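> model the structure of this input:
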Amino acid sequence: MSRLPVDAEAIRALASILTETGLTEIELSEKDSRIRVVRAPAPVVQGFAAPAAAAPAPVAAAAAPAAAAAPADLSKHPGAVTSPMVGVAYLAPEPGAPAFVTEGQSVTAGQTIMLIEAMKTFNQIKAPRGGTLTRLLVTSGAPVEFAEVLAVIE
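A predicted model of the protein is given here:
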């Protein structure tokens, strides 16, 4: 049985891309070779991806019950606006421009509240209903996951 050559530098580069972008999987194919790197997703706390080494283990363990309860409550909220895809959230149409919306602002159904970039395509996230944007749970440039709560409209 022959052994396939392993390009350690390519694997390190792909792993670095995963870390920088917040992705959980990446694959590179060329002719007869293929490299696939997969990592476990980082824990999510109140809608933000947290680095695995952000806090010492005892602090993270103590905060886990409160953090687990908050997203579960928000996902069941009738005014929760969730992400329809994995991507990167942007709160303004371009760098330096004013945000689409801010907390406390009144919004109408169908109004664009942010963009999510996925595969170099910017997708408008629109308010599913009118009301007041009471919570904005992402920051501009932050990676988001499918079904993650992005905002709450009451």
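> mind listing what the spatially most central residue of the chain touches?
With distances taken as CA atoms, centre = their mean, Val144 lies nearest the centre of the chain, 1.3 Å away. Contact partners of Val144, counting by CB atoms under 8 Å, 6 or more residues apart in numbering, are Gly47, Ser83, Val86, Gly87, Val88, Ala89, Ile116, Val138, Leu150. In this view, the C-beta of every residue, glycine as well, is placed from N, C-alpha and C.
> again, but for Gly141
By CB under 8 Å, 6+ apart, the contact list for Gly141 reads Val88, Ala89, Tyr90.
> would you list those in TSV and tack on distance to Ala10, neighbour count and secondary structure?
Shown next, in TSV, are those (distance: CB to CB, whole Å; neighbours: other CB atoms under 10 Å; DSSP: H, G, I helix; E, B strand; the rest coil):
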residue	distance to Ala10	neighbour count	secondary structure
Val88	24	17	strand
Ala89	30	23	strand
Tyr90	30	22	strand
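> returning to what we had before: from the contacts of Val144, which shows the smallest pLDDT?
When it comes to pLDDT, Gly47 is the least confident member of the contacts of Val144, at 44.
> tell me where the chain has helices.
For the chain, applying DSSP state H gives helices covering 8-21, 57-75.
> mean pLDDT lowest for which of those helices?
helix 57-75 (a mean of 48).
> kindly state the domain boundaries assigned to this protein.
According to automatic domain parsing, the chain is divided into the following domains: 8-38, 45-54+70-153.
> quick one, which of those domains is packed in tightest?
For the domains of the chain, ranked by mean neighbour count under the definition mean count of other CB atoms under 10 Å, the leader is domain 45-54+70-153 at a mean of 16.
> please compute how far that domain lies from its chain's middle.
Distance of domain 45-54+70-153 from the chain centroid (CA atoms, centre = their mean, to the nearest Å) equals 9 Å.
> show me which of the contacts of Val144 is closest to Leu23.
Within those, distances to Leu23 taken as CB to CB reach their minimum at Val86, with 8.0 Å.
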